[in-house]
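K.L.:
Just need the structure, nothing else, for what follows:
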Amino acid sequence: MSTRAVVCHKEWMLQPDREPDAEPTTYAMQCAICGESSPASADFAEPQDWVFEHGGRNPAHHTYREIISRPWRAWWKP
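P.N.:
Residues are numbered from 1 along each chain as shown. This next block holds a predicted model:
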């Protein structure tokens with residue numbers, strides 16, 4: 001008995017998932033000074049408000065990172 005392998009090359013495509021059932025894109029902000037983060041939200045206004053509140057409580061915290069979670073989909077071309 002011998003082993004036989006079949007290899008099939010496929011060309012894959014990748015793009016943001018914009019299907020109606022796709023997960024929402026979410027946004028969050030993280031303080032680069034202390035590492036504290038806002039809750040993730042589909043509405044960017046909520047993390048932005050968090051930055052203003054956090055900065056108000058911590059006047060020396062001026063640097064933040066935006067964290068975006070965007071759904072993607074991959075498929076192969078027939």
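
K.L.:
For this protein, give me the ranges with low pLDDT.
P.N.:
Scanning the chain for pLDDT under 70 picks out the ranges 1.

K.L.:
Do a quick rundown of the helices in it.
P.N.:
45-57 (DSSP state H).

K.L.:
all strands for it, in order.
P.N.:
12-16, 26-31, 64-69, 72-76 (DSSP state E).

K.L.:
Out of those strands, flag the one nearest residue 39.
P.N.:
When the strands of the chain are compared by CB to CB, strand 26-31 sits nearest residue 39, at 6.8 Å. From N, CA and C alone the C-beta is placed, and that goes for glycine too.

K.L.:
List of residues touching that closest one?
P.N.:
Contact with strand 26-31 is made by 36-44, 46-48, 50-51, 54, 58, 61, 63-69, as judged by CB atoms under 8 Å, 6 or more residues apart in numbering.

K.L.:
out of everything not next to it in sequence, what's closest to residue 76?
P.N.:
Spatial nearest neighbour of residue 76, chain neighbours left out: residue 10 (4.0 Å); criterion: CB to CB, 6 or more residues apart in numbering.

K.L.:
Tell me how many other residues crowd the one you found.
P.N.:
Neighbour count for residue 10, taken as other CB atoms under 10 Å: 8.

K.L.:
again with residue 22
P.N.:
Residue 22 has 13 neighbours, counted by other CB under 10 Å.

K.L.:
Please tell me how far it sits from residue 36.
P.N.:
Residue 22 sits 29 Å away from residue 36, going by CB to CB, to the nearest Å.
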